[in-house]
Structure formats: structure tokens, C-alpha cells
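Student: What would the 3D arrangement of this be:
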Amino acid sequence: MCRRSIVTGVVLGCVLATLAGGPSRAADWPQWRGPERDGKLAEFVAPESWPDELKQVWKREVGTGHSSPVVVGDRGFVFCREEENEVVRAVNLADGREQWSQSYPAPYEMNRAARSHGKGPKSTPVVADGRVFTLGISGILSCWDAGSGERVWQHEFSGQFKKTSPLFGTAMSPVVEAGLLIAHVGGHDGGALTAFDPQTGQVRWQWAEDGPAYTSPMVTTLAGTRQVITQSQQACLGVSPADGSLLWKFPFETQYVMNIVTPVLLGDVVVISGYRKGTTAYRLRKEDGRWSPEEVWHNGDLSMFMSSPVLVGKRLFGFAQEDKGKLFCLDPATGAALWTSEGRMGENAALVAAGDVLLALTSNAELIVFKTDAERFEPVARYRVADTPTWAHPVVVGNRVLIKDKDSLALWAIGG
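Tutor: Have a look, this model is predicted:
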């Protein structure tokens, strides 16, 4: 994905003061799973020794929801719910003070099977070219001015689709690619992967063959062809970001209609997983102008349910639902497990590779740090970072970590 399309025009740069002594450059984290949507932050430098505890710099209430915070420059943006309204906020990273907030009515009735997760929102915003884009749990797509908070445009899709969100609420996080905002809108049994003009909200193209899943798309180049790779309600597919034309598709369905995991890309190989489906790698080949998927390997012992994996060098890290939640490391060439952790870690873990360590934030509010080159699971640090569940992804800014729990946002310092 083009990094320039995400950050150009938003800010010129950011220097954050750290508690470990002296200023450090903090990379932007402007969308779902970071600059390249792959859960990796190369600029992070781990401390020589990890502290016994993290120090809380600030904490503020922001509303409920699983949407992850994003960071551009010296601002954090967070998308939450207050009663029957969805709210987007900009906060100062230095002290947590609110710089602006906007809201709109978003009444929503949860599916009984998902009531413990609350009414969202679950989709993570994307910041691009001075604007913030949000997708609410009921499918309301909005554009906000990142500087002032002014609403630029907003769409809701009840006039186009019978249902405007999947069975358990919208969760896919939009992506900006080549001057287009791409989101899978609509609901169960009917929707469209759609490209919008970010400036006006006008529809540029649609692929309307299936309803949305909960997966967030990736953008990559395979065999010289730029493409959006995602999961719909019933399939894994790739489409052209230029016009929405379907390049390839193969069936992929999970029990209870829960395609959730963001695909991981390794050259021409796509790694996907799902509820009780194990983990599978497919190679996408293009011959005589036609694409065909070929299964490379399948590991039936490790299934990712809601957690998306991270590829670091020749290792693939993930969080499996087996044994009531455990971390694992696979060989991405063969699918063979290199190690697994103990079980009972929680329902979910959000993974971020930062330098030579991986941070895993479990839904039980434990932040676990371990080396990516370790031969077995050996945490170098474990921290309690909230008193309520943590489903959102952590964001590493300099030597600090931004954590969203049930209804609060907090900044923690590593050392100092």
C-alpha cells in the first residue's frame, strides 16, 4: 500500500518528548494495524531492560467500543459510542486533552449472540490527506476534517441495501488507496465493496457480488497487478483498485458467518484463517491473463478467530483460539508450528511487531512482550494495562503505548 496516500497533507512531522530522556521521532499510525496495515512498526527501539511496571502518562474517558485509536503527528483519533451516538475525537498525545469531538445519532440493536461486545463501533478510522474516515457499527460512513473536526460528508446505506451491517455489526476498517476510499458497505446477504472519492463521497466503483465480512482489506501488488485483497461473507477475493473488477475469488466460509481475520501477504502467497478453520496459505498464480489460487499448506491445529497475524522475517506470529487462547509462531514457508504458548490467555490478542519484539495485548488487558527471534515462548515482560477488557489494537508512539479499554484511552510510558 502506498504510504504517501495515507500521510501526505496531514502533518509535516511529529516529535514527542519521552520519559526515558530526550526527544524521539514517533511514526504515524494512521489506520488499522499501522502504516502498512500489517501490524509492524520498524522504527521502535526497545529499552535495554524492560521496566517492572509501565508508567501511566494520562488517561481519559472517550466512550465504549472496540475501534482502535490511530495517530498522526501530535494527535490521536478515537472512534467510540456514548449512549445512542457515535463519537469521533481528536486528542493531544502529550496530555490527552480533547482538541475536538463530533457525534451523530447511531441507534443500534445488537445480535443477542454478541451483546457482551457492546454496540461498538468496531471499525478503526483511517486518516488521509487531512481527513478522518469512520465506519460505524450500523454502516454509517463519515468523513471529517482532521484539523477542525468539521463533518465533510456522510453516507448511510438503508436506501441501497436491505441491511446495512453484517449479523454482528460492521467491523471492517476502510483503506485509502490511489486516491480512493475503499469500504465494504451493506449487510448480511447483500452489500458492495465500494470505492468512494475521499473529497466528495461520490461512488467511483462497486463490486456487488457478496455481502461484507468483518475482515479489513489489504492492498498489494501480485504478478505486477495492484489489487485489494479481502474476505467477503462467503469468499476470499482480489479486485482491481482502479475499477473494482474481480481478479480472482475462491470460496471461504466460517461457522456462524464470521470471516474476520485480515489476510497476511508473503510475496505471491496469501495466508488466511477463520473460526475453527485452521490456517491456510494460498499461492496466487497468473497464467494467460487468468488468476488461480493454489493451496501451499494448511495447519489444522491453529485457528485464528478474531486476531490477525503478523509476519516478521521468516516467522508468522498469531493468536489461536484453541486451548482457550494461545500465542503461536509458524514457519510461513511450510505452516509448521515452531512454538506455542500456554493456553487460557483470553478470547483475543492484538499483535504489534515493534523492532525486535512483539507486543501482544490480550482481551484480558495484559500486555505481553517477547522477542521475535526466540526459540520458544519466553516473555521478557508482562504488564497489566487496564481494569476492563482491551479489544482494540495498541499503538506504539516513540517509547509510549496508547491503550484503549472498554471506555477509556490511556498513554503508558515504557521506562522513565
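
Student: quick one, phi psi at the closest residue to residue 75 other than its chain neighbours?
Tutor: With sequence-adjacent residues excluded and distances taken as CB to CB, 6 or more residues apart in numbering, residue 75 is closest to residue 90, at 5.2 Å. The way it works is simple: take the backbone N, C-alpha and C, and place the C-beta from them, glycine included. Main-chain torsions, residue 90, degrees, to the nearest 10: phi -110, psi 130.

Student: Ok, residue 323 next?
Tutor: According to degrees, to the nearest 10, residue 323 has phi 60, psi 30.

Student: I figured the residue nearest to residue 75 hits residue 99, correct?
Tutor: Yes. Residue 90 is in contact with residue 99 according to CB atoms under 8 Å; the separation is 4.4 Å.

Student: who touches both of those two?
Tutor: Listed as contacting both residue 90 and residue 99 by CB atoms under 8 Å, 6 or more residues apart in numbering are 75, 149.

Student: So which of these two has more stuff around it?
Tutor: residue 90 (22 against 15; other CB atoms under 10 Å).

Student: measure the more buried one to residue 150 for me?
Tutor: Distance from residue 90 to residue 150, counting by CB to CB, to the nearest Å: 12 Å.

Student: Quick one: the strands in the stretch 51-200 of the chain, in order.
Tutor: Listed in chain order, the strands of the stretch 51-200 of the chain (DSSP state E, counting those that start in this stretch) span 55-61, 70-72, 75-82, 85-92, 98-105, 126-128, 131-135, 141-145, 151-155, 175-177, 180-187, 190-196.

Student: follow-up on the earlier one: now do the contacts for the residue nearest to residue 75.
Tutor: By CB under 8 Å, 6+ apart, residue 90 lies in contact with 75, 76, 77, 98, 99, 100, 101, 132, 146, 149.

Student: Would you quantify the distance from the last one to residue 329?
Tutor: Translated: residue 149. Between residue 149 and residue 329 the distance is 42 Å, computed by CB to CB.

Student: again with the first one
Tutor: For residue 75, the distance to residue 329 (CB to CB) stands at 35 Å.

Student: Considering the contacts of residue 90, which possesses the most neighbours?
Tutor: residue 132 (27 neighbours).

Student: Let me see the contact set for that one.
Tutor: Contacts of residue 132 (CB under 8 Å, 6+ apart): 77, 88, 90, 125, 126, 143, 144, 145, 146.

Student: can you put the residues you listed in TSV and add distance to residue 108 and pLDDT?
Tutor: Converted to TSV, the contacts of residue 132 look like this (distance: CB to CB, whole Å; pLDDT from 0 to 100):
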residue	distance to residue 108	pLDDT
77	21	98
88	16	98
90	24	98
125	18	98
126	21	98
143	21	98
144	20	98
145	25	98
146	26	98
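
Student: Reformat those into a markdown table and put distance to residue 51 next to each item.
Tutor: Putting the contacts of residue 132 into a markdown table (distance: CB to CB, whole Å) gives the following:
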| residue | distance to residue 51 |
| --- | --- |
| 77 | 28 |
| 88 | 33 |
| 90 | 30 |
| 125 | 31 |
| 126 | 33 |
| 143 | 40 |
| 144 | 37 |
| 145 | 39 |
| 146 | 33 |
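
Student: Which of these sits closest to residue 333?
Tutor: residue 126 (31.8 Å; CB to CB).

Student: Skip the chain neighbours and tell me the closest residue to the closest one.
Tutor: Here the residue nearest residue 126, using CB to CB, 6+ apart, is residue 31, at 4.1 Å.

Student: secondary structure element for the one you found?
Tutor: Secondary structure from DSSP states H and E places residue 31 outside every helix and strand.

Student: what about residue 288, how many residues close to it?
Tutor: Residue 288, neighbours per other CB under 10 Å, totals 4.

Student: change the start of the numbering to 15 and stick with it
Tutor: Will do, 15 is the new start, and the previous item becomes residue 302.

Student: buried ones in stretch 297-314?
Tutor: 297, 298, 305, 307, 310, 311, 313 (16 or more other CB atoms under 10 Å).

Student: Would you agree residue 286 is in contact with residue 243?
Tutor: No. Look at residue 286 against residue 243 with CB under 8 Å: they stay out of range, at 9.3 Å.

Student: Overlap of the contact sets of the two?
Tutor: With contacts taken as CB under 8 Å, 6+ apart, the residues that reach both residue 286 and residue 243 are 250, 277.

Student: Can you list phi and psi of the closest residue to residue 391 other than its chain neighbours for me?
Tutor: Spatial nearest neighbour of residue 391, excluding adjacent residues (CB to CB, 6+ apart): residue 355 at 4.1 Å. Residue 355 adopts backbone torsions of phi -90, psi -180, taken as degrees, to the nearest 10.

Student: Give me the pLDDT value at residue 355.
Tutor: On pLDDT, residue 355 comes in at 98.

Student: With the one 10 residues further on instead?
Tutor: At residue 365, the model reports a pLDDT of 98.

Student: Before we go further, it is sitting in a strand, right?
Tutor: Yes. Applying DSSP: H, G, I helix; E, B strand; the rest coil, one finds residue 365 inside a strand.
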